[in-house]
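1. No letters, just coordinates:
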Ligand SMILES: [Zn+2]
């Protein structure tokens, strides 16, 4: 069956409901996609710790790194695992807790108007082809349902404070994938596309 949206839930994603969300301010259009990277502990892939963190059931004592984030209550709308599998934690109609203190094109509090996507990975390290494919497919699906036509990294909306997804993320791959599809003319951060040979300056 063709994937569909149901009350902000994308049917192609495995659903795990995080309690970490709230309402978007009334009348706020969802207009931005924020790309993150996460791995728990950092650099270790495949375990259940990301889900556990977003579901507030991470055992803080299980790893020294977890102690450093003890009590943290966060979420993202989506996580894309290394193999491209997609998990959704918060309805896109709701406000997830991924960007923190942030601003995009002069607008503060990106959580209000964005959808957060976490790629399982580590800042500085490369991502998998399956993750780019999943991200492009997801971005296209989001753009069909919401007036989203801009994408930025956490590092772009919280510069100096956050560095994810980091230099291992190849923005031109996302850009090429989105350009090849129907849909909006996506707005990318200038610094992300610098050095992209397909973009004249
Ligand atoms: Zn982030």
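-> Arrived safely, thanks for sending. Just so it is clear, the model here is predicted, and its values are computed rather than measured. Numbers count the residues shown, from 1 in each chain.

2. which stretches of this protein have low pLDDT?
-> 194-201 (pLDDT under 70).

3. packing partners for the longest helix anywhere in it?
-> Across the chain, the longest stretch assigned as helix under DSSP state H is helix 129-145. If contacts are counted by 3 or more C-beta pairs under 8 Å, 6 or more residues apart in numbering; DSSP states H and E, helix 129-145 sits against strand 9-10, strand 32-38, strand 78-80, strand 114-120, helix 171-179. Heads up, the C-betas are built off the backbone N, CA and C, glycines and all.

4. From residue 175, how far out is the spatially most central residue of the chain?
-> For the chain, residue 117 is the residue whose C-alpha lies nearest the centre (C-alpha atoms, centre = their mean; 1.5 Å). Separation of residue 117 from residue 175 (C-beta to C-beta, to the nearest Å): 15 Å.

5. got it, and residue 65?
-> 33 Å.

6. Of the two, which one has the most company?
-> residue 175 (19 against 14; other C-beta atoms under 10 Å).

7. need the contact list for the closest residue to the more buried one other than its chain neighbours.
-> Nearest residue to residue 175, sequence neighbours excluded (C-beta to C-beta, 6 or more residues apart in numbering): residue 188, at 6.0 Å. Taking C-beta atoms under 8 Å, 6 or more residues apart in numbering, we find residue 188 in contact with 150, 151, 152, 171, 175.

8. Name the member of these with the most neighbours.
-> Most surrounded of those: other C-beta under 10 Å gives residue 151, at 26 neighbours.

9. And what about that residue, helix, strand or coil?
-> Counting by DSSP: H, G, I helix; E, B strand; the rest coil, the backbone at residue 151 sits in strand.

10. Leaving aside the residues adjacent along the chain, what's closest to it?
-> residue 33 (4.3 Å).

11. I figured residue 133 was touching residue 85, is that so?
-> No: counting by C-beta atoms under 8 Å, residue 133 stays clear of residue 85, with 11.5 Å between them.

12. Would you tell me which residues of this structure are close to the ion?
-> 36, 154, 164 (C-beta under 5 Å from the ion).

13. Noted, bye for now.
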